[in-house]
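*Asks:* Would you be able to build a 3D model of this:
(one chain, ligands or ions: 1)
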Amino acid sequence: MSADYTSGAAWMNAKVIPISDAKISVFDWGLTRSDITYDVVHVWDGAFFRLDDYLDRFMASMGKLRMDVGMERAEIRAALIDMVATSGLTSAYVSMVASRGTPIVAGTRDPRACNNHFYAWAVPFVWVIPQDVAKRGAHISLAEDARRIPINSVDPTVKNYHWGDMTAALFQALDAGYDTTVLLDHDGCVTEGPGFNIFAVVDGTVVTPKSGMLEGITRKTVMEICAELGIPCEARDIPKDVFLSADEVFTATTAGGPVAVTRVNERILGNDATGAITERIIKTYWDWHTRTDLNLKVTYK
Ligand SMILES: Cc1ncc(COP(=O)(O)O)c(C=O)c1O
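*Replies:* Down below sits the predicted model:
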């Protein structure tokens, strides 16, 4: 009988397996220390979008954390492609993970004495902001209490599982009826939200924070789209007040692309509909999913 991959597939120990069979040890430092890095690329309409950009970031993250999973970049790339080809998923959320792993000597506190390891998994496409919410425009709060963890404590350019700040902010936002939230840094500038970068349109310029956040691949794509469309775009510090008076706001993530925000705190932006600049960016983002230079077609098994 062939394996069932309808809920997803995983790549573990050089094998593609159904996602429900994928397991890690309770001793894994990825779990007990959040000592882990990951990356997420999507597959849309049977093709990986910007796979090499995601691999570049993932390899850099492993380097910054001094992890060696014993696999070359080309092997990781091949594992991802093999997993998706085997799964049959034509629109997927594809996660690649590098964990510090289990200690070689039980109970050690020495991060050098762990078996670093790589695994990956793919599930049907995930929308960080559900599609019905994206259609009407997301309602977001600017988190009041939880500030983004300082960059000299946890480097946000290394995609990570340190979500304590974002989960606290999410609870507060959801309790107050918002769809999601954006966190400030300790200087009162906007950073990012749980699973997405943030953009604002200020005096005709598309702006996004320049530091304190993951350097998102969707963020990079949005900046390239702006260049192509002739829309001024800049990465800069965005103080809270500037953000709260922006003309348009949108989120950006691999798990759903750019998504319009129509309300920030109590404020309704524009006419409570997707702004004109945001709309052009969203359209171009999805149009770019047919560009052969950015997309890698999967040959399914
Ligand atoms: C904290 C955080 N910021 C930003 C992003 C967006 O990055 P990307 O566009 O590479 O998905 C993500 C994506 O999951 C994220 O988790």
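*Asks:* alpha carbons only for contacts and neighbour counts from here, please
*Replies:* OK.
*Asks:* Quick check: bridge partners of the closest residue to Pro232 other than its chain neighbours?
*Replies:* Excluding its sequence neighbours, the residue lying closest to Pro232 (Cα to Cα, 6 or more residues apart in numbering) is Thr205, at 4.9 Å. Beta bridges link Thr205 to Val202, judged by DSSP bridges.
*Asks:* so Thr205 makes contact with Arg236?
*Replies:* No: with contacts counted by Cα atoms under 8 Å, Thr205 stays clear of Arg236, the gap being 11.1 Å.
*Asks:* Counting neighbours, go ahead and name the busier of these two.
*Replies:* Set side by side, Thr205 and Arg236 show more neighbours around Thr205, with 15 against 12, by other Cα atoms under 10 Å.
*Asks:* Next one: that one relative to Gly275, how far apart?
*Replies:* Remark: distance between Thr205 and Gly275 (Cα to Cα, to the nearest Å) = 13 Å.
*Asks:* what about Arg73, how many residues close to it?
*Replies:* Around Arg73 there are 14 other residues, counting by other Cα under 10 Å.
*Asks:* thought it was touching Phe58?
*Replies:* No: the criterion here is Cα under 8 Å, and Arg73 misses it with Phe58 at 9.3 Å.
*Asks:* elements contacting the one helix or strand Ala173 maps to?
*Replies:* For Ala173, the host element (DSSP states H and E) is helix 164-175. Contact here means 3 or more Cα pairs under 8 Å, 6 or more residues apart in numbering; DSSP states H and E; on that basis helix 164-175 packs against strand 180-182.
*Asks:* tell me the mean pLDDT for the strand it packs on?
*Replies:* Across strand 180-182, the average pLDDT comes to 98.
*Asks:* from the middle of its chain, how far away would the helix or strand that it is followed by be?
*Replies:* Following strand 180-182 in sequence order, the next helix or strand is strand 192-193 (DSSP H and E). Chain-centre distance of strand 192-193: 10 Å, with Cα atoms, centre = their mean, to the nearest Å.
*Asks:* With stretch 104-123 instead?
*Replies:* Centroid separation for stretch 104-123 versus its chain: 23 Å, with Cα atoms, centre = their mean.
*Asks:* ditto for stretch 57-72
*Replies:* Taking Cα atoms, centre = their mean, one finds stretch 57-72 lying 18 Å from the centre of the chain it belongs to.
*Asks:* what does stretch 154-172 give?
*Replies:* Remark: stretch 154-172 is offset 12 Å from the chain centroid, using Cα atoms, centre = their mean.
*Asks:* what residues does the helix or strand harbouring Ile281 touch?
*Replies:* In this structure, Ile281 sits in helix 276-287 according to DSSP H and E. With Cα atoms under 8 Å, 6 or more residues apart in numbering as the test, helix 276-287 has contacts from 221-222, 225-226, 248-250, 257-260.
*Asks:* Recalculate using a threshold of 6 Å.
*Replies:* Residues from elsewhere that reach helix 276-287 (Cα atoms under 6 Å, 6 or more residues apart in numbering): Pro258.
*Asks:* contacting residues for Gln125?
*Replies:* To be clear, residue 125 is Phe; Gln isn't right here. Phe125 touches 91-93, counting by Cα under 6 Å, 6+ apart.
*Asks:* Not counting sequence-adjacent ones, nearest residue to it?
*Replies:* Phe125's closest residue in space is Ala92 (Cα to Cα, 6+ apart), at 4.0 Å.
*Asks:* wait, isn't the one you found in contact with Val43?
*Replies:* Yes: contact criterion Cα atoms under 6 Å: Ala92 and Val43 qualify, at 4.9 Å.
*Asks:* In space, what's closest to Thr157 - neighbours in sequence excluded?
*Replies:* In space, Thr157 is closest to Leu214, 4.4 Å off (Cα to Cα, 6+ apart).
*Asks:* just the helices in the stretch 201-301 of the chain please.
*Replies:* Under the criterion DSSP state H, counting those that start in this stretch, the stretch 201-301 of the chain contains helices at 217-229, 240-244, 276-287.
*Asks:* Adding distance to Ala14, mean neighbour count and mean pLDDT, write those helices out as CSV.
*Replies:* Shown next, in CSV, are the helices of the stretch 201-301 of the chain (distance: least, Cα to Cα, whole Å; neighbours: other Cα atoms under 10 Å; pLDDT from 0 to 100):
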stretch, distance to Ala14, mean neighbour count, mean pLDDT
helix 217-229, 27, 18, 98
helix 240-244, 46, 16, 97
helix 276-287, 33, 16, 98
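*Asks:* Make a markdown table from those helices and add distance to Lys23 to it.
*Replies:* Below are those laid out as a markdown table (distance: least, Cα to Cα, whole Å):
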| stretch | distance to Lys23 |
| --- | --- |
| helix 217-229 | 28 |
| helix 240-244 | 42 |
| helix 276-287 | 34 |
